[in-house]
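>>> Sequence plus predicted model, see below.
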Amino acid sequence: MKVELKKIFQVMPLFFNALAREAEHKKLTRHIINLNQQNSTQAIINEMSVCLKDILNYRLFAFVIQRENGIDVWLDPRMYRKSLEAVLMEDFQLHTPSAIHYMNHTFHVDEQEQEFNMENLLSYYVNEGVCQAKIYMLPNKDTSSYSEDIIHMLLQSTAIALAKQMNIEQLTNAATIDPLTGCYNRREFESQIKKAVATAKRQNTSLSLFMFDIDHFKKVNDTYGHQAGDTVLKEVAALVQKNIRSNDVIARYGGEEFIGILPATEKRKAMELADRLRQAIEAKTINTDVSPINVTASFGVATITPYYDTTDFSDILDLIEEADSMMYKAKLNGRNTVMPGLLQVCGSSREKTATATGTI
């Protein structure tokens, strides 16, 4: 009897191990199905993070996707970026932290730093079609061949889902994004402004536009060449994108003209933002292959206030024309300045003032 009990006790761990692993494989299958049903890069990575925690009790520290102009980083919200930033700079041979774009984390000046022991940090490369990435994890226990198998199965499934999603995003971006500046193109702006006006009307809030043009841009092209001019456009666009809110919209309207949509923004706030952008552009030295270049920009601002009636697209055209008119008035007044539009639409009546004519 004692011998039989001894055999039973010897087999029991193997039996329960087998049951546990079967349950874990069911969880893994469920998570893999879930991540393939997600429709955004961030949602796919979120599901992967949940899976690692659920099955292995591992914490996904960061998921890094390599792009042409830098890296996109999904960062565990409980982590602080400086804990990993030096590692990322070295691993991806980045020259400046500005090449790191954080997908799911907004940092504040007064945010309390948290330091982490990086000695146990594990990293794995992901390579599947257009998806070139690397993940960083902090295990809460020693790794085993079994945990490695789980990780590799999950990585392969995540890579396939991400590659599919990135292909979809590339097709979408080709139709909506200006390839030079990374801003929305004019066609997508027209779609975005319709949505913004409809939202403002529904929520009874103000809506502002700003339009700006890089001053003497033809002279930049004539003096330094079109390649340097393209660099100026890209750098100015990146500067503006970095200094507006996540729900604001910036689009390349044509040539060296850009237009921005500021939801739920009164004219005074829009003017303040436009002037901050103007100052930032003026202060920035843009390094090109030919020579460092400094430029300025002229801004026009227009606002529609609550209680307006936007029953057709002509109301939206009035708003755009007012911002454009104010931009040209800024040029007439010496450039490198901001001019406010006085457009106000109330009910079915419209009042437009302070228009300007002239060719710059």
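Looks like it arrived, so ask away.

>>> so what's the spatially most central residue of the chain up against?
Centrality entry for the chain: nearest residue to the mean C-alpha point is M103, 6.2 Å, by CA atoms, centre = their mean. With contact set as CB atoms under 8 Å, 6 or more residues apart in numbering, M103 has these partners: 41-42, 45, 72-75. All C-beta atoms are positioned from the backbone trio N, CA, C, and that covers glycine.

>>> residues of stretch 322-333 that come out buried?
Applying a neighbour-count criterion of 16 or more other CB atoms under 10 Å, the buried positions in stretch 322-333 are 322-331.

>>> and it, how far from the chain's centre?
Counting by CA atoms, centre = their mean, to the nearest Å, stretch 322-333 is centred 30 Å from the centre of its parent chain.

>>> Output it in CSV with nothing but the alpha carbons.
C-alpha atoms of stretch 322-333 as CSV (Å, rounded to 0.1, in the frame of the first residue of the first chain):
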residue,chain,number,x,y,z
GLU,A,322,-11.5,83.7,-43.5
ALA,A,323,-8.4,82.0,-42.2
ASP,A,324,-6.8,82.3,-45.6
SER,A,325,-7.7,86.0,-45.8
MET,A,326,-6.2,86.7,-42.4
MET,A,327,-3.0,84.8,-43.4
TYR,A,328,-2.5,87.0,-46.4
LYS,A,329,-3.3,90.1,-44.3
ALA,A,330,-0.5,89.0,-41.9
LYS,A,331,1.8,88.9,-45.0
LEU,A,332,0.7,92.4,-46.0
ASN,A,333,1.5,93.6,-42.5
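
>>> Mean confidence (pLDDT) on that stretch, please.
For stretch 322-333, the mean per-residue pLDDT is 94.

>>> mind listing the strands in this structure by residue range?
For the chain, the strands defined by DSSP state E cover 59-67, 70-75, 100-102, 122-128, 131-138, 207-214, 249-254, 257-263, 285-287, 292-294, 297-304, 338-340, 344-346, 349-351.

>>> if we can go back for a sec, from the buried residues of stretch 322-333, which land in helices?
322-331 (DSSP state H).

>>> List only those of the contacts of M103 flagged as buried.
Burial by neighbour count, 16+ other CB under 10 Å: within those this picks out 41, 45, 72-75.

>>> okay, the ones in helices among the buried residues of stretch 322-333 in JSON lines with distance to V338 next?
Below are these laid out as JSON lines (distance: CB to CB, whole Å):
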{"residue": "E322", "distance to V338": "14"}
{"residue": "A323", "distance to V338": "11"}
{"residue": "D324", "distance to V338": "14"}
{"residue": "S325", "distance to V338": "14"}
{"residue": "M326", "distance to V338": "8"}
{"residue": "M327", "distance to V338": "9"}
{"residue": "Y328", "distance to V338": "13"}
{"residue": "K329", "distance to V338": "10"}
{"residue": "A330", "distance to V338": "6"}
{"residue": "K331", "distance to V338": "12"}
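
>>> Which single one of the residues you listed is nearest to L122?
Of all those, A323 has the smallest distance to L122: 51.3 Å, by CB to CB.

>>> re earlier: closest to V236 out of the buried ones among the contacts of M103?
The shortest approach to V236 among the buried ones among the contacts of M103 belongs to D72, at 21.9 Å (CB to CB).

>>> what's the spacing between that closest one and V64?
The spacing between D72 and V64, counted by CB to CB, to the nearest Å, is 7 Å.

>>> follow-up on the earlier one: mind checking which of the strands of the chain is nearest N173?
Smallest distance to N173 across the strands of the chain (CB to CB): 11.7 Å, for strand 59-67.

>>> Note down every partner strand of the closest one and its orientation.
Counting by DSSP bridges, the strands paired with strand 59-67 are strand 70-75 (antiparallel), strand 131-138 (antiparallel).

>>> I'd like those strands laid out as a markdown table, including mean pLDDT and distance to G229.
Below are those laid out as a markdown table (pLDDT from 0 to 100; distance: least, CB to CB, whole Å):
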| stretch | mean pLDDT | distance to G229 |
| --- | --- | --- |
| strand 70-75 | 89 | 22 |
| strand 131-138 | 89 | 31 |
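
>>> Let's have those strands in TSV, adding distance to A200.
TSV is the format used below for those (distance: least, CB to CB, whole Å):
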stretch	distance to A200
strand 70-75	31
strand 131-138	38
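
>>> Can you give the domain ranges for this protein?
Annotated domains of the chain cover 2-175, 186-351 [automatic domain parsing].

>>> what stretches of the protein score poorly on pLDDT?
Across the chain, residues meeting the criterion (pLDDT under 70) sit at 1-20, 78-83, 105-118, 141-143, 307-314, 341-360.

>>> Break down it into its helices, ranges please.
With helices called from DSSP H, the chain shows them at 2-36, 41-56, 82-91, 145-176, 186-203, 217-224, 226-242, 267-283, 313-332.

>>> For the second one, which outside residues touch it?
For helix 41-56, the surrounding residues in contact (CB under 8 Å, 6+ apart) are 24, 27-28, 31-32, 34-35, 38, 58-60, 63, 65, 72, 74, 76, 103-104, 137, 139, 147, 150-151, 154, 158, 161-162, 165-166, 169.
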